[in-house]
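S.K.: kindly generate the corresponding structure for this input.
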Amino acid sequence: MTPAPLSRKQTILGLLFLVIMWGVNWPLSKYALRFTPPLLFAGLRTLVGGLLLIAVALPRRRILRWRETWRIYVMSAFLSIVFYYGFQTVGLKYMPAGLFSAIVFLQPVLLGLFAWLWLGERMYGLKVVGLLLGFAGVAAMSVGGLEGGVSGIGIVLALASALSWALGTVYAKRSTAKADPLWMTAMQISIGGVVMLGYGSATEPWPGIRWTGSFIADTLFISVFVIALGWLVYFKLIGSGEATKVGSFTFLIPVVSIACSVMFLNERITLNLVLGIVLIVASILLVNVKPKRLKNASS
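M.R.: A predicted model of the protein is given here:
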């Protein structure tokens, strides 16, 4: 069940879609939180996205193989969905969004380390420098978040969010030969949505949601394009290529997020933003350039 490798054009289009969708997710989610408690929103958008993927996967229900693979679905759901979104949602209450997101985007660095340890991907000097530059770029763009104060609990939750995302990606990559990628994505998102919606229902009031037209449209857009298609494309890219290289492109997500905030939320372009973009571009180039000695070894 190992997925067929993507062509260069498919990879570029997939990365472009992913970066744009996950980039606009931050300002869209921030807007939606004006109308809903956070955990109920996290569970609602995730469950809707998961159910949409299940509907798409139903014609292939014979390869679900639930009895054989349910442990994979559950483990992946907790690592990539429940822990990632849960730690993120709660952690944003304790520290500024800018600083929190900078710590979360330590994920590509952790992913590079874990892919080297557990996936057998090569690690070399340029890749290490590139990953660190990418993290530095995100930190530079988010440095304004320091003005709001630093919380020890917030830092721990941000690190936990980054760690769970990285571990979930590696686990999904290792499981591609055991579970159908479409069913795995659909089940992990649906299970994660059920867990978060259940916890949100126990701790937050449903009457706190204001079902306005703009909130419904916002939630449906996130459910379809950010959650369902976004995670499907992400795991397709991870399954087809090097996890570290795909992870390096996620450094661009805060760039898109901030650009949207500048255009639609009247935030200003700063020197830190420009510096961060330069560092991130350098990071992606370094991670994706193979040293001559490795090219000669593979030829």
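S.K.: wait, Ala243 touches Lys173, no?
M.R.: Yes - between Ala243 and Lys173 there is a contact under CB atoms under 8 Å: 5.4 Å. Any C-beta I mention is one placed from the backbone N, CA and C, and that applies to glycine too.
S.K.: so Tyr94: helix, strand or coil?
M.R.: Secondary structure state of Tyr94, per DSSP: H, G, I helix; E, B strand; the rest coil, is coil.
S.K.: pLDDT wise, what is the nearest residue to it once chain neighbours are set aside at?
M.R.: Among residues not flanking Tyr94 along the chain, Gly154 sits closest, at 3.4 Å (CB to CB, 6 or more residues apart in numbering). We have a pLDDT of 79 for Gly154.
S.K.: got the phi/psi numbers for Gly154?
M.R.: phi -60, psi -40 (degrees, to the nearest 10).
S.K.: what's the neighbour count on the closest residue to Thr203 other than its chain neighbours?
M.R.: In space, Thr203 comes closest to Leu39 once its chain neighbours are excluded; the distance is 6.4 Å by CB to CB, 6+ apart. Using other CB atoms under 10 Å, Leu39 has 21 other residues around it.
S.K.: which element follows the strand or helix carrying Leu39 toward the C-terminus?
M.R.: Here Leu39, judged by DSSP states H and E, is contained in helix 38-57. Following helix 38-57 in sequence order, the next helix or strand is helix 66-77 (DSSP H and E).
S.K.: mind listing residues that contact that next one?
M.R.: 168, 171-172, 175, 178-179, 183-184, 187-192, 195 (CB atoms under 8 Å, 6 or more residues apart in numbering).
S.K.: closest to Leu33 out of those residues?
M.R.: When the contacts of helix 66-77 are ranked by distance to Leu33 (CB to CB), Gly192 comes first, at 18.9 Å.
S.K.: can you pull the contacts of the closest residue to Val48 other than its chain neighbours?
M.R.: Distance criterion CB to CB, 6+ apart; nearest residue to Val48, sequence neighbours excluded, is Ser223 at 3.9 Å. Going by CB under 8 Å, 6+ apart, Ser223 touches Arg45, Thr46, Val48, Gly49, Leu52.
S.K.: for Pro27, see how far away Ser223 is.
M.R.: 16 Å (CB to CB, to the nearest Å).
S.K.: same thing with Ile227?
M.R.: 16 Å.
S.K.: the two: which has the busier surroundings?
M.R.: In terms of neighbours (other CB under 10 Å), Ile227 is the more surrounded of Ile227 and Pro27; the figures are 29 against 20.
S.K.: ignoring the adjacent residues along the chain, who's closest to that one?
M.R.: Gly49 is the one closest to Ile227 (CB to CB, 6+ apart), at 3.1 Å.
S.K.: quick one, helices of the stretch 151-299 of the chain?
M.R.: Taking DSSP state H, counting those that start in this stretch as the test, the helices found in the stretch 151-299 of the chain are 152-174, 181-203, 213-221, 229-240, 243-249, 253-264, 271-288, 292-298.
S.K.: deepest-packed of these, please.
M.R.: helix 243-249 (a mean of 25; mean count of other CB atoms under 10 Å).
S.K.: and that one, what does it pack against?
M.R.: Applying 3 or more CB pairs under 8 Å, 6 or more residues apart in numbering; DSSP states H and E, one finds that helix 243-249 makes contact with helix 8-32, helix 107-118, helix 125-141, helix 152-174, helix 229-240, helix 271-288.
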